[in-house]
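Chemist: sequence first, then the predicted structure:
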Amino acid sequence: MADMHRVKPSRSIAKHCSWKNRAVSAGRTPIQHNKKSRGQSTRERNLKFPATQSTNEMDVPFLGCWWATAALLLGGVLYVYLKRTHNYWRKRGVPYVKPLLLFGNLKDAMLGQKNLGEVYQDLYWKLDGYRYGGVFKFRQPSLLVRDPELIKTILVKEFNSFHDNDIESDPEVDPLFGRNPFVLTGERWKKTRSQLTPALSLGKIKPYFPLIAEVCVELTHCIENSGASGTEFELKELCTRYTTDVVATCAFGIRGEGLQDPDCELRQIGRETFEPSFWKNMKVLIVMLLPRVAKFLKIRVVTQKMYKFLQRIVNEVMEYREKNNVIRADFLQHLITLYKKGGGTADGFTEEDIAAQASTFFFDGYETSSIAMAFGLYCLAVNPDVQTKIREEVDSILQKHGGELTFDGIQEMTYLDMALSEALRMYPPATTLMKVCTKPFELETPSGGTYEVEVGTPVAIPLYAIHNDPQHYPDPKRFDPERFSEENKNTRHRYSYLPFGDGPRMCLGFRFALLQIKAGIATVIFNFRISPNKRTPVSVIPDPNYFMLAAKGGLWLDIKKRTDK
Ligand code: HEM
C-alpha cells in the first residue's frame, strides 16, 4: 500500500500547503543566484578565459549555452508531456498506483525483471480493498479491475462498451497476425468470429480426434526413445513438440514431425516466435502494451520468413487436395469451404484468409496449450496421490472403451478435468486480459461519485492475480483438484476463474485446447510414471522474459515406463 495514492479531500489542503512552500523556496532561487552573480557564477568561475579574447572565440561558450538551453527546454517539454497524465486518476476520484515517469507502472516487465502477470499481480495487491483502480501503461491511464462482478459486467453484460482487445496490428503490415480474431475489431471481428466458430464447436472437433490420437501414439514413442539421460525430460519442450504436431495435422493438414525431429521446420517457426528471450519479449510487449508505437514502427509478429513458410504449406496442401479430390475432417477443410463459398473475392473469404486463420490456430493455440499441458503434468509429478487417482480413472475408462483413447472417453474423465482446471488456475498461460473501452461507461467511485470510463481507456483483468488470491482460493499455492468439484465450484464467483476469458470474445479454441491437452496427459499417465528429480523446481518462478506464463529454467522431471500395465 506504500505507494498507492487515494483521494482524501482533507489531504488536498496539505498538498496545497506543500505546493505553496515549494513555490516560496523556488522564489528564493533567483535571489541566491543574484548573490552569486555579484562576483562570478560557478560556471564562469570554472571557465578559464585567455587574458585577451576575440569576439569569435567568445562564441564557443555562447553556443554551448545555446545548446544547453535548447536541451533543457526539450527535456522540460518531454518531462511535462510524460508527467501530464499523472493527475488523471486523482482528478477523477479513482484510487490509483503512483506511476514512474517513463514506464508508468510497467517498469519491471519492460526491463525483464518480472513477468507481466506478476507485475499486474503487484498492482492488484496495491489496490487491495477496491473493486477497481487506476494504473499507468507508460503514460496512458488504464483501469485495473479486481472485482469478479465488475469483470462479468465488462466481459458480458456491457460487452459493447469493451468490445475490443487492447492490441493493434495492421493487416497491410502483418497480413497473418493482422487477421487474427484476437486483434480484429468491430464488424470485421464479428464476421471472422462467426465464420470460424462452427469449426471449433464440440460436435465439429469430434472428427479431429483420430488425428490427435495418432499424435498421442507418436508422443508415447518419442518418450520411449528419447530423453536426456534416458528418463529426464523438460516438459515444456516435450509438450510443445506434441502440440506442434497436433496443429500441423489439424490446422495445416500435414503430418507433423516435431516429436520425431525437434528441429523440424514448423517447430523452428514456433521457436522463432515464442522462445523466451529479452528482445522477443520486448517486441511482443510493445505490440501488446504500446500498440500505436508498434503500428508506427511497423513491427510484425509474423516475420516475412514465417509468412512465406505458412503461406507455402497452406497453398501446397490446398493444391494437393484440389488435384486429388481429397476431403479431410480438419480445420483447414473448414477454411477451404469458406473460401469456396466466398468465391475468393476481396469481400469474401480470400486465399490469404485461409493462411491467416490456419496460422491463428498455430499462434493462439499451440503455445498456450503446451504451457497448460506442461504445468498440468508438473502438478501431477509433484502430487503423486493425484497422479495415482488420475491413472486409475484413465485405466478404467480406457478399459471401458476397448483399450482405445476415444473422444467420448476423454469427456468421461472428470477427475482429469478437475486436475487440469486446478493447474490452469495456478498457472494460467495468458496471465492478463487486455480490453479497451469502446463506448463510454460509468463506474461508481469509492466516495460514492461517478467516473466515466473514456473511449480508448485500456482495461486490464489480471487473471494470474485473481486465480492466486486467497479470498477466492484459500491457500492458493496448494494444488487441490477438489476445488473444481461441482459442489465447490458453486461456492465462489464464476468470474474468479477465467483461463480462457469469457463472453462473446472468449477463447475460440478452448474446447479444442482442452481436448488435445487431456488426450496428451492421459497418454502420458496411462503409459508412464512421472516423478520429480533434482532439477524439478519446488516452486515455479515465472520467466520474466516471456509474455505468457512459463517456468524460468524449465520444468524438468523423470518419465519412466509403467511396469504394472
Ligand atoms: C490452454 C490453451 C489456451 C488458452 C489458455 C487460451 C486462452 C485465451 C484467452 C485468455 C483468450 C482471450 C479471451 C478474452 O479476451 O476473453 C483467448 C482468445 C483466443 N483464443 Fe485461446 N487459448 C488457448 C487455446 C487456443 C486454441 C487451441 C485456439 C485455436 C484453435 C485458440 C484461439 C483463440 C482465438 C482465435 C482467440 C481470440 C478470440 C476473439 O477475440 O474473438 N486458443 N485465448
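Modeler: Good, I have the coordinates. As the structure is a computational prediction, the values presented were derived from the model and not from experiment. Residues are numbered from 1 along each chain as shown.

Chemist: please make it C-alpha for all contacts and neighbour counts, starting now.
Modeler: OK.

Chemist: list the contacts for Phe528?
Modeler: Ile559, Lys560, Lys561, Arg562 (C-alpha atoms under 8 Å, 6 or more residues apart in numbering).

Chemist: nearest to the ligand, of those residues?
Modeler: The shortest gap between the ligand and any of those belongs to Ile559, at 22.3 Å (C-alpha to the nearest ligand atom).

Chemist: for my notes, confirm that closest one occurs in a helix.
Modeler: No: read with DSSP: H, G, I helix; E, B strand; the rest coil, Ile559 is strand and lies in no helix.

Chemist: got a list of what it touches?
Modeler: Ile223, Thr231, Glu232, Phe233, Phe528, Arg529, Ile530, Ser531.

Chemist: not counting sequence-adjacent ones, nearest residue to it?
Modeler: The shortest distance from Ile559 to any non-neighbouring residue, by C-alpha to C-alpha, 6 or more residues apart in numbering, is to Ile530 (4.5 Å).

Chemist: go on, Pro175?
Modeler: Distance criterion C-alpha to C-alpha, 6+ apart; nearest residue to Pro175, sequence neighbours excluded, is Ala356 at 7.3 Å.

Chemist: now Ala465
Modeler: Gln121 (4.6 Å).

Chemist: distance check, that neighbour against Gly553.
Modeler: Note on Gln121: its distance to Gly553, by C-alpha to C-alpha, to the nearest Å, is 21 Å.

Chemist: OK, contacts around the nearest residue to Glu412 once chain neighbours are set aside?
Modeler: Among residues not flanking Glu412 along the chain, Ile397 sits closest, at 7.5 Å (C-alpha to C-alpha, 6+ apart). By C-alpha under 8 Å, 6+ apart, Ile397 lies in contact with Gly409, Glu412, Met413.

Chemist: also Pro544?
Modeler: By C-alpha under 8 Å, 6+ apart, the residues touching Pro544 are Ala109, Gly112, Gln113, Lys114, Asn115, Leu116, Lys552.

Chemist: ok, whichever residue of the stretch 151-300 of the chain sits closest to the ligand to Pro504 distance?
Modeler: Among all residues of the stretch 151-300 of the chain, Phe182 sits closest to the ligand, at 3.7 Å; criterion: C-alpha to the nearest ligand atom. For Phe182, the distance to Pro504 (C-alpha to C-alpha) stands at 12 Å.

Chemist: those two: which is more packed in?
Modeler: Neighbour totals were compared for Phe182 and Pro504, and Phe182 leads with 21 against 13 (other C-alpha atoms under 10 Å).

Chemist: just list the residues touching that one, thanks.
Modeler: Phe182 sits in contact with Asn165, where contact means C-alpha under 8 Å, 6+ apart.

Chemist: possible to save the contacts of Ile559 as CSV with secondary structure, distance to the ligand and pLDDT?
Modeler: Listed next are the contacts of Ile559 as CSV, based on DSSP: H, G, I helix; E, B strand; the rest coil; distance: C-alpha to the nearest ligand atom, whole Å; pLDDT from 0 to 100:
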residue, secondary structure, distance to the ligand, pLDDT
Ile223, helix, 22, 94
Thr231, coil, 26, 86
Glu232, strand, 24, 92
Phe233, strand, 21, 94
Phe528, strand, 23, 96
Arg529, strand, 23, 96
Ile530, strand, 21, 96
Ser531, strand, 23, 96
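
Chemist: of those residues - the most surrounded one?
Modeler: Neighbour max across the contacts of Ile559 (other C-alpha under 10 Å) = Ile530, 24 neighbours.

Chemist: that residue contacts Ala381, doesn't it?
Modeler: Yes: the pair Ile530 and Ala381 passes the contact test of C-alpha atoms under 8 Å, sitting 5.3 Å apart.

Chemist: any residues in contact with both of those two?
Modeler: Common neighbours of Ile530 and Ala381 are listed as Leu557 (criterion: C-alpha under 8 Å, 6+ apart).

Chemist: what's stretch 332-343 in contact with?
Modeler: For stretch 332-343, contacts defined as C-alpha under 8 Å, 6+ apart pick out 195, 199, 250-253, 318, 327, 348-351, 354, 357-358.

Chemist: again, but for stretch 69-85
Modeler: Leu101, Leu102, Arg139, Gln140, Pro141.

Chemist: in it, what's buried?
Modeler: Using 16 or more other C-alpha atoms under 10 Å as the test for burial, stretch 69-85 gives Leu82, Lys83.

Chemist: now that stretch: average pLDDT?
Modeler: Per-residue pLDDT values over stretch 69-85 give a mean of 85.

Chemist: returning to what we had before: mind giving me the ChimeraX select for the contacts of stretch 69-85, buried ones only?
Modeler: ChimeraX command restricting the contacts of stretch 69-85 to the buried ones, with burial defined by 16+ other C-alpha under 10 Å:
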select :139,140,141
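
Chemist: where is pLDDT lowest across the contacts of stretch 69-85?
Modeler: When those are sorted by pLDDT, the bottom entry is Leu102 at 86.

Chemist: before we move on, which element is that one in?
Modeler: Taking DSSP states H and E as the definition, one finds Leu102 inside no helix or strand.

Chemist: quick one: it and Phe138 touch, right?
Modeler: Yes: between Leu102 and Phe138 there is a contact at 5.9 Å, judged by C-alpha under 8 Å.

Chemist: in the stretch 251-400 of the chain, what residue is nearest the ligand?
Modeler: Closest contact between the stretch 251-400 of the chain and the ligand, by C-alpha to the nearest ligand atom, is at Gly365 (3.3 Å).

Chemist: what about that residue, how many neighbours?
Modeler: Gly365: 20 surrounding residues under other C-alpha under 10 Å.

Chemist: tell me the secondary structure at it.
Modeler: Going by three-state DSSP: Gly365 is helix.

Chemist: buried ones from the contacts of stretch 332-343, can you make that a ChimeraX selection?
Modeler: Selection of the buried residues among the contacts of stretch 332-343 in ChimeraX, burial being defined by 16+ other C-alpha under 10 Å:
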select :199,250,251,252,253,318,349,350,351,354,357,358
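
Chemist: may I have stretch 362-371 as PDB, with CA atoms only?
Modeler: Presented in PDB, the C-alpha positions along stretch 362-371 are these (Å, rounded to 0.1, in the frame of the first residue of the first chain):
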ATOM      1  CA  PHE A 362      -0.900 -22.000 -34.600                       C
ATOM      2  CA  PHE A 363      -0.300 -18.700 -32.900                       C
ATOM      3  CA  ASP A 364      -3.200 -18.700 -30.500                       C
ATOM      4  CA  GLY A 365      -3.300 -22.400 -29.800                       C
ATOM      5  CA  TYR A 366      -0.100 -24.300 -29.800                       C
ATOM      6  CA  GLU A 367       2.000 -22.400 -27.300                       C
ATOM      7  CA  THR A 368      -0.900 -21.700 -24.800                       C
ATOM      8  CA  SER A 369      -1.800 -25.400 -25.000                       C
ATOM      9  CA  SER A 370       1.700 -26.700 -24.500                       C
ATOM     10  CA  ILE A 371       2.200 -24.400 -21.500                       C
END
